[in-house]
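Asker: Sharing a model that was predicted from the sequence below.
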Amino acid sequence: MDVAGRIEDYALIGDMQTAALVCRDGTVDWLCLPRFDSHAVFAGLLGTEEHGFWRLGPAHSPDAQPPCAARRSYRGDSLVLESEWDTTRGTVRVIDFMPPRDTDAPQLVRIVEGVSGRVPMRSALRMRFSYGRVVPWVHKVDGRTVAVAGPDSVWLDTSAETYGKDLTTYSDFTVSPGERIAFTISWQPSHKDHPALPEPENALTATEDFWREWVDHCTYHGPYREAVVRSLITLKALTYAPTGGIVAAPTTSLPEDIGGSRNWDYRFTWLRDAAITLSSLLRTGYREEARAWREWLLRAVAGDPENLQIMYGIAGERELGETELDWLPGYENSQPVRAGNGAAGQLQLDVYGEVTEALHLAHMTGLARNDYASLLQLKLIRYLEDHWDEPDEGIWEVRGPRRHFVHSKVMAWVAVDRTIKLIESGDADGPLEKWRGLRDDIHRDVCEKGYDKERNTFTQSYGSKELDASLLLIPQMGFLPPDDKRVIGTIEAIQRELSTSDGFILRYPTSGEDEGVDGLEGDEGAFLACSFWMADDLAMIGRVDEARKLFEKLLALRNDLGLLAEEWDPRLQRQVGNFPQAFSHVPLIDTALRLTASGAYGG
């Protein structure tokens with residue numbers, strides 16, 4: 001059976017080392033163990049049930065679609081999911097969560113609770129290792145069910161009776177009001193002894209307590225608090241706790257164009273995404289996460305800033321080779337399915353600016369000084385001195401020819417500007433006058449070569465006519481003031497030329513069947529981050545009512561649990577791209593903060 005869920009039909013649960021996606025029908029269709037970037041144990045999201053899943057819900061006839069929950073929500077401000085089904089026999093609730101862990105085995109816990117009546121239930125667990133390719137050896141050890149394949153083992157613990165059929169582990173049972181039956185799977189290296197017996201009820205209490213205490217640190221109490229807090233929880237869930245690295249998303253190859261080839265692995269730490277995530281965390285009171293990310297950055301870059309990569313593994317790994325998993329048909333037949341990301345070897349000069357901006361913000365908000373962070377910042381500028389005027393692949397990781405992207409030059413300017421401010425504050429030493437001259441040179445170069453005087457707009461790259469939504473960051477980064485006619489002209493040009501019919505913003509023009517500037521075939525949806533940037537810019541130039549309306553339209557795109565993918569397909573009216581996406585939730589927070597500060601909100 002094909003996976004039926006739309007991307008927005010999924011809920012996120014996780015333990016800050018990996019994450020699972022749970023569909024409305026109670027099926028876990030995606031889970032990598034033990035880390036975000038490990039091979040999937042459940043890969044049905046990118047294929048069929050043959051590639052691994054775990055369904056838990058009311059029993060149904062084999063030839064019928066599993067019933068979807070009538071209601072679902074997170075328990076308060078937590079990552080504990082509750083789904084409820086109303087059946088002819090009564091109502092039942094399933095509680096799904098992953099307990100935060102230090103060194104213990106990763107666990108996924110599912111507690112079935114009877115609400116009313118007597119409801120027949122079924123658990124169907126089909127584990128497939130190596131992204132659905134390997135069928136494990138499933139057997140019993142001391143009354144526990146264990147699935148073993150190569151280096152991996154997954155243990156199932158439950159008080160319910162289980163049996164095997166068709167290479168699947170089933171459990172059929174009935175729940176009455178107030179009755180609770182727990183199922184837990186735990187991962188363990190196959191050469192080690194069995195993991196400790198789980199304690200589901202204690203784990204549930206501890207998980208709720210963890211999230212409640214974490215959310216209590218949030219300093220934002222404005223009108224959009226619900227959306228902001230859910231986004232912050234999502235960002236925390238995408239943070240790999242042992243190192244502080246932040247994944248862009250917990251999934252791979254969810255398509256930007258349904259049925260197309262724009263499918264990428266996002267289970268890595270992009271410096272750009274992590275840096276902007278850091279800024280949102282700092283501005284909402286989360287200094288410890290910011291400190292952990294800074295330490296991760298310093299370890300990942302180490303003594304080699306001249307070879308700064310745009311992304312690293314969650315523990316700082318540099319080799320992220322891209323391969324195709326050709327046995328997986330892909331989400332809604334969107335091929336290829338990829339593991340790894342070849343863009344790791346690209347030159348993207350803008351990351352120097354994003355990293356420097358993040359370090360600057362950490363410094364300005366009082367994060368304890370780190371001498372090596374200041375030294376790194378100086379080294380990055382020395383590299384940019386010699387390379388800022390080179391073409392690169394740009395923020396969108398084009399797979400076509402390198403260009404002189406305007407956004408890349410602007411962010412190089414940001415890197416130099418923030419470093420000058422660091423030196424002026426007395427917290428670093430450097431050639432101040434020389435770098436002031438460099439800052440002026442970059443600024444002049446962009447304004448002369450990246451600006452179309454006839455159309456009164458900056459362009460995607462030097463000499464091009466195309467627009468690019470990344471130009472919306474020009475006033476936000478302080479490159480030019482919001483009231484500059486060139487800024488206003490650029491905002492209005494992007495509104496005219498890159499808006500969809502429902503008012504959301506595309507990254508840049510794509511060309512359908514032909515290869516466009518990005519070197520890829522096909523189209524894509526509206527990039528949600530760009531739409532939030534537009535709302536920011538509109539507020540900055542005084543069009544605050546328009547900004548608020550756009551922001552609230554964007555909030556309406558979230559699924560029922562407050563989650564966003566990377567893009568919105570205006571034709572299909574659905575979310576597309578990897579899910580949930582840090583690069584969508586971060587600007588949501590930023591725009592909420594800006595609109596709150598301006599008083600531009602309804603009610």
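Answerer: Cool, the structure landed.
Asker: Do you have the strands of the stretch 501-603 of the chain handy? List them.
Answerer: 526-527, 567-569, 574-576 (DSSP state E, counting those that start in this stretch).
Asker: so can I have JSON lines of those strands showing distance to Arg128, mean pLDDT and mean neighbour count?
Answerer: All C-beta atoms are positioned from the backbone trio N, CA, C, and that covers glycine. Output for the strands of the stretch 501-603 of the chain, formatted as JSON lines (distance: least, Cβ to Cβ, whole Å; pLDDT from 0 to 100; neighbours: other Cβ atoms under 10 Å):
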{"stretch": "strand 526-527", "distance to Arg128": "33", "mean pLDDT": "91", "mean neighbour count": "26"}
{"stretch": "strand 567-569", "distance to Arg128": "29", "mean pLDDT": "94", "mean neighbour count": "25"}
{"stretch": "strand 574-576", "distance to Arg128": "25", "mean pLDDT": "96", "mean neighbour count": "24"}
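Asker: any chance of these in CSV, with distance to Asp483 too?
Answerer: Output for these, formatted as CSV (distance: least, Cβ to Cβ, whole Å):
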stretch, distance to Asp483
strand 526-527, 26
strand 567-569, 30
strand 574-576, 35
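Asker: between those, which gets nearest to Pro189?
Answerer: strand 574-576 (35.7 Å; Cβ to Cβ).
Asker: May I have the strands that pair with that closest one, each with its orientation?
Answerer: Counting by DSSP bridges, the strands paired with strand 574-576 are strand 567-569 (antiparallel).
Asker: who touches the partner strand?
Answerer: For strand 567-569, the surrounding residues in contact (Cβ atoms under 8 Å, 6 or more residues apart in numbering) are 256-258, 504, 524-528, 531, 557, 574-577.
Asker: can you rerun that using 6 Å?
Answerer: For strand 567-569, contacts defined as Cβ atoms under 6 Å, 6 or more residues apart in numbering pick out 256, 504, 525-527, 557, 576-577.
Asker: same check, this time on stretch 260-280
Answerer: Residues contacting stretch 260-280 (Cβ under 6 Å, 6+ apart): 36-37, 235, 245-249, 252-253, 255-256, 290, 293, 311-314, 320, 334, 338-341, 351, 354-355, 358, 361, 522, 524, 578, 582-583, 586, 589.
Asker: For it, what does the pLDDT average out to?
Answerer: Mean pLDDT, stretch 260-280: 89.
Asker: can you give me the helices for the stretch 151-300 of the chain?
Answerer: 200-215, 225-237, 271-283, 287-301 (DSSP state H, counting those that start in this stretch).
Asker: and the angle for the second one with helix 200-215?
Answerer: The directions of helix 225-237 and helix 200-215 differ by 110 degrees, with axes from the mean of the first three to the mean of the last three Cα atoms, to 10 degrees as the criterion.
Asker: in helix 225-237, what counts as buried?
Answerer: For helix 225-237, burial by neighbour count (16 or more other Cβ atoms under 10 Å) applies to 227-237.
Asker: Repeat that for the last one.
Answerer: For helix 287-301, the buried set under the neighbour-count rule, 16+ other Cβ under 10 Å, comprises 289-294, 296-298, 300-301.
Asker: where in the stretch 351-500 of the chain is pLDDT low?
Answerer: Filtered on pLDDT under 70, the stretch 351-500 of the chain yields the residue ranges 399.
Asker: Break down it into its helices, ranges please.
Answerer: In order along the chain, the stretch 351-500 of the chain carries the following helices (DSSP H, counting those that start in this stretch): 371-387, 406-424, 432-449, 473-476, 485-497.
Asker: picking that back up, out of the contacts of stretch 260-280, which sit inside strands?
Answerer: Within those, residues falling in strands by DSSP state E are 245-246, 311-312, 338-339.
Asker: Looking at those residues, which is nearest Ser461?
Answerer: Nearest to Ser461 among the ones in strands among the contacts of stretch 260-280, with distances taken as Cβ to Cβ, is Met311, at 22.1 Å.
Asker: show me what contacts that closest one?
Answerer: 268, 270, 344.
Asker: can you pick the most crowded of the residues you listed?
Answerer: Per-residue neighbour counts (other Cβ atoms under 10 Å) across the contacts of Met311 peak at Phe268, which has 28 neighbours.
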